[in-house]
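Asks: Sequence first, predicted coordinates after that:
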Amino acid sequence: MEFLNPSYEETKINQRPADRLIELRGKTVGIISNGKENTAPFFEYLSRILENKYGVLKVVQRIKGNYSAPAEDDLMAEIVGWDAVLSGVGD
C-alpha cells in the first residue's frame with residue numbers, strides 16, 4: 001500500500017492576513033473561479049449583487065488554468081491590485 005502526502009510542497013511564507021475592509025463601496029473585488037461549469041452563473045449573479053447592493057466599483061472575474069492547482073503567477077500578481085478577492089469552486 002502506498003500513502004501520498006497531499007500537502008502543498010512549496011515553502012510557506014510567513015505573512016499576516018490583510019486588514020479587514022470597512023466597506024466594499026468604491027472597491028475593486030476579484031473573483032477567481034476554478035473553471036468548473038456551475039461557477040459561471042453563480043459568479044455572474046454574485047457580481048451583480050456586489051455592484052448593485054454593496055456599491056463595488058469594479059468586479060474582475062478570472063478563471064484558473066487548472067481547477068485543482070494553485071493560481072498561476074500572473075494571476076497572483078494581478079490580485080495585488082484588487083481590494084478584495086473571492087475564490088470559489090463549482091461542480
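Replies: Ah, there it is.
Asks: Across the sheet, point out what pairs with G88.
Replies: When bridges are taken as DSSP bridges, the partners of G88 come out as S33.
Asks: From G35, how far out is it?
Replies: Counting by Cβ to Cβ, to the nearest Å, the separation of G88 from G35 is 11 Å. To be clear about C-beta, it is placed using only N, CA and C from the backbone, and glycine gets the same treatment.
Asks: repeat for T28
Replies: In this view, T28 and G35 are 21 Å apart by Cβ to Cβ.
Asks: Any stretches of this structure with poor pLDDT?
Replies: Counting by pLDDT under 70, the chain contains low-confidence ranges at 8, 90-91.
Asks: hey, where'd the strands end up in it?
Replies: Using DSSP state E, the strands found in the chain span residues 28-33, 58-63, 84-88.
Asks: any idea of the angle the shortest one forms with strand 58-63?
Replies: Read that as strand 84-88. 30 degrees (axes from the mean of the first three to the mean of the last three Cα atoms, to 10 degrees).
Asks: since we're on the residue lying closest to F43 once chain neighbours are set aside, how many residues are nearby?
Replies: Once flanking residues are discounted, F43 sits nearest to I31: 5.1 Å by Cβ to Cβ, 6 or more residues apart in numbering. Residues lying near I31 (other Cβ atoms under 10 Å) number 22.
Asks: Looking at the chain, which helix is longest?
Replies: Within the chain, and with DSSP state H defining each element, the longest helix by residue count is helix 39-52.
Asks: Next, the angle strand 58-63 makes with that one.
Replies: On the basis of the same axes, to 10 degrees, helix 39-52 is oriented at 170 degrees to strand 58-63.
Asks: Identify all contacting residues around helix 39-52.
Replies: Where contact means Cβ atoms under 8 Å, 6 or more residues apart in numbering, the residues beyond helix 39-52 that reach it are 24, 29, 31, 33, 56, 59, 61, 86, 88-90.
Asks: Please indicate which of those residues are buried?
Replies: Buried by 16 or more other Cβ atoms under 10 Å: 24, 29, 31, 33, 56, 59, 61, 86, out of those.
Asks: Next one: the third one from Q61, what distance?
Replies: Between I31 and Q61 the distance is 5 Å, computed by Cβ to Cβ.
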